[in-house]
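> Any chance you could fold what I've pasted below:
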Amino acid sequence: GKRWWIMAQTIGEDLYISFLDKGIGIPKTLLESIPEQEIKGIKRYIRRLQGALRVNDAGVIAGAMKYNRSRFRKGGRGKGLERVQALVNSSPSGSLTILSNLGRYHYQFDTDPKIKLQEHADSMHGTLIQWNMSLKTTPQGR
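This next block holds a predicted model:
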């Protein structure tokens, strides 16, 4: 059946949250479920971001984040990563890492967003999302 887990831990003044979903993964569900014209836009973005001809899992995850897309077409569904990224942006030491199938997407926000993509040789067969944010209040209110 469908299984997922969520874990949280504080380390010092940072909160770490991890979510594991042992489904088929973001890249496969996204490319199978959105209209072809949207896929073309996401693929163009991925190629520009990676400077590559091949669309790989890390790039598809980046495209899903850029276009706030998921396999869900119902209102209010599939917006969790957009909200997590907003939390990361509000934290001075926040980061977001998504491992899905062969892809790794890492997002860090200090003064401007930084995205790193990586492709792995072995699939994790699902999706692991880990983000952290500071629990400490800063003078800027972040």
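
> rest of the way, CA atoms for contacts and neighbours
Fine.

> Which of the helices and strands in this protein ranks last by mean pLDDT?
None of the helices or strands of the chain scores lower by mean pLDDT, DSSP states H and E than helix 36-50, at a mean of 68.

> can you map out the strands along this structure?
Using DSSP state E, the strands of the chain run over 4-11, 14-21, 95-100, 103-109, 113-119, 127-134.

> chain center to the shortest one, what's the gap?
Mean-position distance between strand 95-100 and its chain equals 5 Å (Cα atoms, centre = their mean, to the nearest Å).

> Just the CA coordinates for that strand, please, in PDB.
Taking Å, rounded to 0.1, in the frame of the first residue of the first chain, the C-alpha atoms of strand 95-100 are listed here in PDB:
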ATOM      1  CA  SER A  95      17.500  24.900   3.300                       C
ATOM      2  CA  LEU A  96      15.400  22.400   1.400                       C
ATOM      3  CA  THR A  97      16.600  19.100  -0.200                       C
ATOM      4  CA  ILE A  98      14.400  16.800  -2.300                       C
ATOM      5  CA  LEU A  99      15.600  13.400  -3.300                       C
ATOM      6  CA  SER A 100      13.200  11.700  -5.800                       C
END
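
> ok, it: who's next to it in the sheet?
The strands beside strand 95-100 in its sheet (DSSP bridges) come out as strand 103-109 (antiparallel), strand 127-134 (antiparallel).

> can I get these in CSV with mean pLDDT, distance to E82 and mean neighbour count?
Putting those into CSV (pLDDT from 0 to 100; distance: least, Cα to Cα, whole Å; neighbours: other Cα atoms under 10 Å) gives the following:
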stretch, mean pLDDT, distance to E82, mean neighbour count
strand 103-109, 91, 12, 21
strand 127-134, 92, 12, 22
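
> Make a markdown table out of the ones you listed and add distance to L117.
Below are those laid out as a markdown table (distance: least, Cα to Cα, whole Å):
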| stretch | distance to L117 |
| --- | --- |
| strand 103-109 | 5 |
| strand 127-134 | 14 |
